[in-house]
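Enquirer: build me a structure from this.
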Amino acid sequence: GRYRLVIELEPTHAGARDALERLVRGDSHREMIAAILEQIYEVTGEVEPLVKVLELRLEGMADPPGRRGLLMRISQLREEGLDDLEGGFEACARALKEDPADLEVQRELDRLAAVLEDLPRLIAVYEERLKDIFDATLSRALHLKVATLLEEVIGDDEGAGSHYRSALDYEGDDLEPLRALDRILLRQENWSDLLDVLDRELGALADPAEQADVYNRIGEIRIDVNGDLDGAFEAFREALEREPGMERALSAMERLLQEETFKVPVLEVLEPIYEADADHAKLVELLEIRLTTLSDPMDQTALLERIATLYETELGEPILAFDALGRALTEDPASEPVLQQLERLAEEGGRYEELVALADGVLLGGDLSPNAIRVLGLKAAAWNGEKLNDIERAQGCLKKVLEVDPDCRRALEELEKIFRASFEMKE
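Expert: Purely as a prediction, here's the structure:
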């Protein structure tokens with residue numbers, strides 16, 4: 001007590017100060033003596049003795065917040081009063097041990113490491129602290145912090161990846177570390193692990209557009225890297241279910257059309273998309289491909305009729321519609337709807353020459369049923385006689401009908417009309 005009184009009266013009293021400096025090394029009344037010496041050194045501006053006495057105070061202090069405060073003060077004194085950046089960093093690192101969650105301590109530690117240009121040392125401090133932390137939220141945050149430093153500053157993708165994976169252990173499918181791993185694995189071209197990460201990203205995403213993008217990336221890796229066409233198809237299909245207009249997925253699906261086994265399943269995905277989008281030109285392209293997958297003439301005819309309708313009504317291409325119906329006629333020469341549509345287009349476009357040439361080609365070039373010959377032959381005879389005034393070709397068509405059906409009443413009646421008209425002309 002008397003030393004305190006002396007110091008209060010004369011802070012620089014040498015005898016009292018020497019006595020206090022000897023007494024503070026003992027265990028008796030250390031905290032009180034240290035507090036007195038602290039006041040002395042603050043008055044005299046002596047930084048190094050002040051740091052030492054603060055360290056002595058630490059030895060008897062058990063309260064973590066109090067210890068943290070003293071260590072941060074020591075750090076500041078070492079940096080600003082002693083120009084000892086190393087000592088300041090070490091004191092700050094000790095403060096972090098008292099409370100690893102303290103953001104102020106973290107910021108100060110980060111700043112000192114940057115000034116010292118020693119980020120590996122900073123990372124080592126955080127990694128050491130992580131060994132003693134059992135709080136999931138704090139562990140995740142520090143793992144992410146270390147991972148970010150390793151990835152973005154140090155350029156250590158391997159080390160960063162390890163910490164990002166550790167962060168996932170605490171929060172499950174958390175987008176932040178998943179996307180970071182995504183970046184790293186893409187740079188490393190580690191396709192197998194990247195596919196696993198992308199699958200986990202899907203579970204963490206709620207936005208369909210973002211899901212579609214991830215599915216598309218999965219598809220690209222499966223097809224371009226692994227040659228897994230089945231897996232790629234499924235991924236692109238999932239992408240288009242969520243984002244039908246995604247150009248990359250559409251283009252990838254169209255490339256799969258070159259594979260025979262994928263034509264039908266790809267068409268099942270793409271046709272409704274282009275139809276809903278009113279992209280009739282693209283839809284016709286797909287229907288032409290679908291046509292190559294059909295073997296039944298009736299199915300082929302129906303599809304060609306649909307193509308013709310799209311050409312005429314949606315694309316304004318009556319000539320291409322006529323050509324499509326012409327192909328339909330070769331598949332089903334007795335189809336009344338096809339014949340009617342061909343006749344209408346020939347009338348509107350002045351294309352009866354082409355129509356009768358088409359009919360002649362079908363009549364002469366195929367293994368037709370008697371009914372097909374009868375139906376088409378009668379039509380062709382009427383077109384030749386009534387529209388082109390070609391009596392000779394009309395007769396030929398009618399005779400072709402009578403070859404398969406000698407009792408065809410209509411053919412006989414038409415021939416009789418021709419003969420009667422010819423006879424009357426001669427008279």
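Enquirer: quick check, residue 194 in contact with residue 182.
Expert: Yes - using C-beta atoms under 8 Å, residue 194 is in contact with residue 182, at 6.8 Å. C-beta: built from backbone N, CA, C; applies to glycine.
Enquirer: contact partners for residue 106?
Expert: Neighbour list for residue 106: 96, 145 [criterion: C-beta atoms under 8 Å, 6 or more residues apart in numbering].
Enquirer: check what pLDDT residue 49 gets.
Expert: Per-residue pLDDT puts residue 49 at 83.
Enquirer: which residues touch the closest residue to it other than its chain neighbours?
Expert: The spatial neighbour of residue 49 that comes closest, neighbours along the chain excluded (C-beta to C-beta, 6 or more residues apart in numbering), is residue 41 at 5.0 Å. Going by C-beta under 8 Å, 6+ apart, residue 41 touches 47, 49-50, 53.
Enquirer: now that we have the residues you listed, which of them are buried?
Expert: With neighbours counted by 16 or more other C-beta atoms under 10 Å, those contain buried members at 47, 50, 53.
Enquirer: mind listing what the residue lying closest to residue 47 once chain neighbours are set aside touches?
Expert: Closest residue to residue 47 apart from its sequence neighbours, by C-beta to C-beta, 6+ apart: residue 81 at 3.4 Å. Contacts for residue 81 (C-beta under 8 Å, 6+ apart) come out as 47-48, 50-51.
Enquirer: how about the helices of the stretch 101-250 of the chain, start to end?
Expert: Remark: helices assigned in the stretch 101-250 of the chain by DSSP state H, counting those that start in this stretch are 103-116, 119-130, 136-148, 157-171, 175-188, 191-204, 208-224, 229-242, 247-256.
Enquirer: of these, which is nearest residue 327?
Expert: Residue 327 lies closest to helix 247-256 among the helices of the stretch 101-250 of the chain, at 23.2 Å (C-beta to C-beta).
Enquirer: kindly export the helix or strand containing residue 364 (C-alpha atoms) in PDB.
Expert: According to DSSP states H and E, residue 364 maps onto helix 352-365. Only the C-alpha atoms of helix 352-365 are listed here, as PDB (Å, rounded to 0.1, in the frame of the first residue of the first chain):
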ATOM      1  CA  TYR A 352     -51.700 -30.900-112.900                       C
ATOM      2  CA  GLU A 353     -48.900 -31.900-115.200                       C
ATOM      3  CA  GLU A 354     -46.800 -32.700-112.100                       C
ATOM      4  CA  LEU A 355     -49.800 -34.400-110.500                       C
ATOM      5  CA  VAL A 356     -50.500 -36.800-113.400                       C
ATOM      6  CA  ALA A 357     -46.800 -37.500-113.700                       C
ATOM      7  CA  LEU A 358     -46.700 -38.400-110.100                       C
ATOM      8  CA  ALA A 359     -49.800 -40.700-110.500                       C
ATOM      9  CA  ASP A 360     -48.200 -42.300-113.500                       C
ATOM     10  CA  GLY A 361     -45.000 -43.000-111.600                       C
ATOM     11  CA  VAL A 362     -46.900 -44.600-108.800                       C
ATOM     12  CA  LEU A 363     -49.100 -46.700-111.100                       C
ATOM     13  CA  LEU A 364     -46.200 -48.000-113.100                       C
ATOM     14  CA  GLY A 365     -43.600 -48.200-110.500                       C
END
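Enquirer: how about it: buried residues?
Expert: Judged by neighbour count using 16+ other C-beta under 10 Å, the buried positions of helix 352-365 are 352, 354-356, 358-360, 362-363.
Enquirer: hang on, the earlier thing: want to throw the helices of the stretch 101-250 of the chain into TSV with distance to residue 410 and mean pLDDT?
Expert: Shown next, in TSV, are the helices of the stretch 101-250 of the chain (distance: least, C-beta to C-beta, whole Å; pLDDT from 0 to 100):
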stretch	distance to residue 410	mean pLDDT
helix 103-116	97	96
helix 119-130	96	96
helix 136-148	87	95
helix 157-171	81	93
helix 175-188	74	97
helix 191-204	67	96
helix 208-224	59	97
helix 229-242	53	98
helix 247-256	49	96
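Enquirer: can you list the ones you listed in JSON lines and add distance to residue 96?
Expert: Formatted as JSON lines, the helices of the stretch 101-250 of the chain follow (distance: least, C-beta to C-beta, whole Å):
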{"stretch": "helix 103-116", "distance to residue 96": "5"}
{"stretch": "helix 119-130", "distance to residue 96": "6"}
{"stretch": "helix 136-148", "distance to residue 96": "10"}
{"stretch": "helix 157-171", "distance to residue 96": "17"}
{"stretch": "helix 175-188", "distance to residue 96": "22"}
{"stretch": "helix 191-204", "distance to residue 96": "31"}
{"stretch": "helix 208-224", "distance to residue 96": "37"}
{"stretch": "helix 229-242", "distance to residue 96": "45"}
{"stretch": "helix 247-256", "distance to residue 96": "46"}
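Enquirer: give the buried residues for stretch 207-227.
Expert: Judged by neighbour count using 16+ other C-beta under 10 Å, the buried positions of stretch 207-227 are 210-223.
Enquirer: including distance to residue 133, could the residues you listed go into a markdown table?
Expert: What follows is these, written out as a markdown table (distance: C-beta to C-beta, whole Å):
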| residue | distance to residue 133 |
| --- | --- |
| 210 | 32 |
| 211 | 34 |
| 212 | 38 |
| 213 | 35 |
| 214 | 32 |
| 215 | 37 |
| 216 | 39 |
| 217 | 34 |
| 218 | 35 |
| 219 | 40 |
| 220 | 39 |
| 221 | 36 |
| 222 | 39 |
| 223 | 43 |
